[in-house]
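[1] Give me a 3D structure for the following:
(2 chains)
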Amino acid sequence: MSRFDAAFARGPALVTFVTAGDGPTSAILDALVEGGTDVIELGMPFTDPMADGPAIQAGNLRSLGAGTKTADIFHIAADFRARHPEVPVVLMGYANPMTTRGPAWFANECQKAGVDGAICVDLPPEEDPDLGPQLRAAGVSLIRLATPTSDAARLPTILKDTSGFLYYVAVAGITGKQQAALGSIEEAVARLKAATDIPIVVGFGVRTPEQAGAIAKVADGVVVGSALVELVAEHGANAAGPIRDYTRALADAVHSARNG
Amino acid sequence: MNDLPNSFRTLPDERGHFGQFGGRYVAETLMPLVLELEAEYRRAKLDPAFQAEFDDLLEHYVGRPSPLYFAPRLTEELGGAQVWFKRDELNHTGAHKINNCVGQILLAIRMGKTRIIAETGAGQHGVATATVAARFGLPCVIYMGAKDVERQAPNVFRMKLLGAEVIPVTSGANTLKDAMNEALRDWVANVHDTFYIIGTAAGPHPYPELVRDFQSVIGREAREQMLKRTGRLPDLLVAAIGGGSNAIGLFHPFLDDPGVKMLGVEAAGHGLDKEHAASLAGGRPGILHGNKTYLLQDEDGQIAEAHSISAGLDYPGIGPEHSWLKEIGRVDYTSVTDVEALSAFQLLCRTEGIIPALEPAHAIAAVAKIAPTMSKDAIICANLCGRGDKDIFTVAEALGAQI
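    Numbers count the residues shown, from 1 in each chain, chains lettered A, B, ... in the order given. Take a look at the predicted model:
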């Protein structure tokens, strides 16, 4: 059983996003686990994060400003894997940093560091040859995104060769902005579930335990990112404590939705 | 030469690739729209009514064809090849940008879009977009780096006069690439009603192709005018390159004329060993803003900040077709520094009574270097893609003059 399978077998999963190199990342990752996260998305900072809203843009710039290199991110991931053998880690970022040394290099580094999957925001299925084959060969899931604009005709293209989970972007827009209506999320998840057996995880615009709990009733997982990155911005070197507490509130809401 | 294609004018392929370059590297939210745009563009290309409306607007609204002008005093001063200019600075709004904007707004209307967005660097594309938005009565939002808002104040005011909302972008380096990021963020949130008029021959497929096609009117006219005036084709075409739309517009109709050499001129800023904007000379292939192309970047793929005195060339990438044309060797590329461009700017003012924009001043600087090495029978045709009114404050500052 893969780490993803195990994480989603327990019921609705809390997926948490933080940017690598923004604040004391290893302590923050431990705090996410202590708080009860099921899956971690570790953001790879990029100079031009064009799908991200102000909070994560700022996190990217703080990380790069602190001198974060790609090699540092793989060190963080490998160290995390040594401390936490069970928690799945997904690298999330943009195509240029992921492919710049060649896709085989990136896939190999992921494998060595115990990274379970990658989300490449600006690599749609049409450009899969730039990264997908190498990741799959290394046993790393390329996690695709579905959006409110993904109609029935497009879904098979998105679902082909994807694994781990499917990330449903609940709002047509950037990260950290307005939340989609719960009704539209429920409808979209039902549509996706009819087309695939892999877990459906909902993200974009989810900030509070209440929102996360409500979505967890209809989806296999829910992603919270910008709200956590804002805590890092606020608390800096002391972010681990507040991150742990907020994650616990989110996890309680998501996990209690199992029985709801 | 065996592995060169029979024609240099058949790309992109059906996936939007020029060799290894181009493509559609966009967020999934945008993919359906990008595919729809491609389908609509295919239909428009085959629709005589679309072509007729485009041609009519170019003739009566833009003022095409633009003249092909022989520059006698510049030629004499340089003492070599004859220098001719394609006068796209005489277009309505003062640059070649309007050609593309007319085409794209007609596409937007065909697709039922009711809101226009664009990014701009020098402000020429922003002005051209605001112009066609006003002409067709659509609301228009222009994203512009805060640094460019400052150094291109006259164009900001022009856009506002034309009814556009100008949003200064304060992320990243506050220049063109950051304005493009912000326009993409707007687009992804407003895909249902918004058309993004990209200003250069870059971005996700089909933009590099359709911008090239709309700008190719420059090269088609120049080819016909040159044949009519001199009975032959030019020996060398020269054009400045930021994203590369004026250059590809001039070059493309000549690509299969083996006797016509071509030279693209990038901005070397303070020098190639310092801050510059020459992606081909100083970059390597990567992925940004929807396409794979040469980019200024570090070893981790983080995008570098470009520098040029010309806001229109101040971009760390280049259109993907240029990357391909460089790799296959059909077009030569060189670069020109801020100082050389300023000198060429003054040279054209003094010899021909034409104040060029700082963008084509780069092309003129390259002409000034190469013309003396060519015979007096040789013909150079350079694209004078914009006029310099917008740049007089920048030039005054660089020359230490008070206005």
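[2] So which residues of the stretch 251-400 of chain B form strands?
    B:261-269, B:284-288, B:290-295, B:332-337, B:379-383 (DSSP state E, counting those that start in this stretch).
[3] Dump these into CSV; add distance to chain A, mean pLDDT and mean neighbour count as well.
    For glycine as for every other residue, the C-beta is placed from the backbone atoms N, C-alpha and C. What follows is the strands of the stretch 251-400 of chain B, written out as CSV (distance: least, C-beta to the nearest C-beta, whole Å; pLDDT from 0 to 100; neighbours: other C-beta atoms under 10 Å in any protein chain shown):
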stretch, distance to chain A, mean pLDDT, mean neighbour count
strand B:261-269, 18, 98, 26
strand B:284-288, 4, 98, 22
strand B:290-295, 7, 98, 28
strand B:332-337, 22, 98, 22
strand B:379-383, 29, 98, 27
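[4] Please name whichever of these is nearest to B:Glu224.
    Evaluated with C-beta to C-beta, the strands of the stretch 251-400 of chain B place strand B:379-383 nearest to B:Glu224, the distance being 12.2 Å.
[5] contact partners of the closest one?
    Outside strand B:379-383, the residues that touch it by C-beta atoms under 8 Å, 6 or more residues apart in numbering or on different chains are B:68, B:81-86, B:88, B:96, B:218, B:222, B:226, B:230, B:232, B:234-240, B:246-247, B:249-250, B:360, B:363-364, B:367, B:370-371, B:374.
[6] now do 6 Å
    Strand B:379-383 is contacted by residues B:81-86, B:222, B:234-239, B:246, B:250, B:363, B:367, B:371 when judged by C-beta atoms under 6 Å, 6 or more residues apart in numbering or on different chains.
[7] Note down every partner strand of it and its orientation.
    According to DSSP bridges, strand B:379-383 forms sheet pairs with strand B:82-86 (parallel), strand B:236-240 (parallel).
[8] average pLDDT for the first one?
    Okay, so that is strand B:82-86. Computed over strand B:82-86, the mean pLDDT rounds to 98.
[9] And the next helix or strand past it?
    Following strand B:82-86 in sequence order, the next helix or strand is helix B:97-110 (DSSP states H and E).
[10] tell me which residues of that next one are tucked away?
    B:Lys97, B:Ile98, B:Asn99, B:Asn100, B:Cys101, B:Val102, B:Gly103, B:Gln104, B:Ile105, B:Leu106, B:Leu107, B:Ala108 (16 or more other C-beta atoms under 10 Å in any protein chain shown).
[11] Quick one: end-to-end distance for stretch B:208-221.
    20 Å (C-alpha to C-alpha, to the nearest Å).
[12] A:Thr162: what's it in contact with?
    Applying C-beta under 6 Å, 6+ apart, the residues near A:Thr162 are A:Arg144.
[13] Quick check, pLDDT for it.
    What the model reports for A:Thr162 is a pLDDT of 93.
[14] Which single residue in the stretch 201-350 of chain B comes nearest to chain A?
    Residue of the stretch 201-350 of chain B nearest chain A, by C-beta to the nearest C-beta: B:Gly301 (3.2 Å).
[15] which one is that residue nearest to, not counting chain neighbours?
    Spatial nearest neighbour of B:Gly301, excluding adjacent residues (C-beta to C-beta, 6 or more residues apart in numbering or on different chains): A:Thr100 at 3.2 Å.
[16] give me the residue from the stretch 1-150 of chain A nearest chain B.
    When you check the stretch 1-150 of chain A against chain B by C-beta to the nearest C-beta, the closest residue turns out to be A:Thr100, at 3.2 Å.
[17] residues near that residue, how many?
    Applying other C-beta atoms under 10 Å in any protein chain shown, we find 22 residues neighbouring A:Thr100.
[18] What of B:Ala401?
    That count, for B:Ala401 with other C-beta under 10 Å as the rule, works out to 10.
[19] Report the secondary structure state of it.
    Three-state assignment for B:Ala401 (DSSP: H, G, I helix; E, B strand; the rest coil): coil.
[20] Can you name the residues that contact it?
    B:Ala401 neighbours (C-beta under 6 Å, 6+ apart): none.
[21] Need the pLDDT of it.
    91.
[22] repeat for B:Asn6
    pLDDT, read off for B:Asn6, is 85.
[23] Relative to B:Leu237, how far out is it?
    B:Asn6 is 21 Å from B:Leu237, where distance means C-beta to C-beta, to the nearest Å.
[24] Compare neighbour counts for those two and give me the winner.
    Set B:Asn6 next to B:Leu237 and count neighbours by other C-beta under 10 Å: B:Leu237 wins out with 30 against 7.
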